[in-house]
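Engineer: Here is a sequence together with a model predicted from it:
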Amino acid sequence: MEQTLIIFKPDAVQRGIIGEILTRFEKAGFKVVGLKMTEPDYDHYHEHYEGIGTLKTRKGEEIFESTLASMQDGPVVAMVIEGVEAVEAVRKMVGDTEPKSALPGTIRGDYAHVTYGQASSVGRGVANIVHASADSVEAEKEIKHWFKVEELYDYKVVHQQYTQPKK
């Protein structure tokens, strides 16, 4: 089973739609193995977006700084989920990074509409509801950055309890 990181960004928290979106992942069959609300500082986001994700290297200083500022608009909810090819499946569920390009039925397509141009015109990062790890290597690094080992849980889901004899 593969694990991936999802961050419910400040816009999702402020809109009160975390539970609704989390439910979509559970309905798809993913298992939540870690979940917490937190309000990281600039350095934590710097490591996440540049040390791991190389956003500044890829997109430039202005986009990097506006993204970090937007992420510090309030608390976020960090979640680790587990499932078959979780990274790829979650990326598909989340949709394109720019909400206007995200297809209906995806999380960003259903819950966001701000464009890169609009966000840039007011010096903000695009409000796109969630962050999802880009690939399995990034997921592994991000999970270690956001969660301690003891904050991740290994448990059987209900149906597994009926497929294996109790010891």
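Structural biologist: Thanks, I have the structure now.

Engineer: Strands of this protein, start to end?
Structural biologist: 2-8, 31-38, 76-83, 130-132 (DSSP state E).

Engineer: packing partners for the shortest one?
Structural biologist: This means strand 130-132. strand 2-8, helix 86-94 (3 or more CB pairs under 8 Å, 6 or more residues apart in numbering; DSSP states H and E). C-beta here means a position set from N, CA and C on the backbone, and glycine is covered the same way.

Engineer: Adjacent strands (with direction) for that strand?
Structural biologist: Strand 130-132 pairs in its sheet with strand 2-8 (antiparallel), by DSSP bridges.

Engineer: Compare the strands of the chain and give me the one nearest Ala112.
Structural biologist: With CB to CB as the measure, strand 130-132 is the member of the strands of the chain nearest Ala112 (9.2 Å).

Engineer: In this structure Gly53 contacts Glu138, no?
Structural biologist: Yes - using CB atoms under 8 Å, Gly53 is in contact with Glu138, at 6.7 Å.

Engineer: So, low pLDDT: which residues of this structure?
Structural biologist: 164, 167 (pLDDT under 70).

Engineer: The same query, at a cut-off of 80, please.
Structural biologist: The model of the chain has pLDDT under 80 over residues 59-60, 115-117, 123, 125, 159-167.
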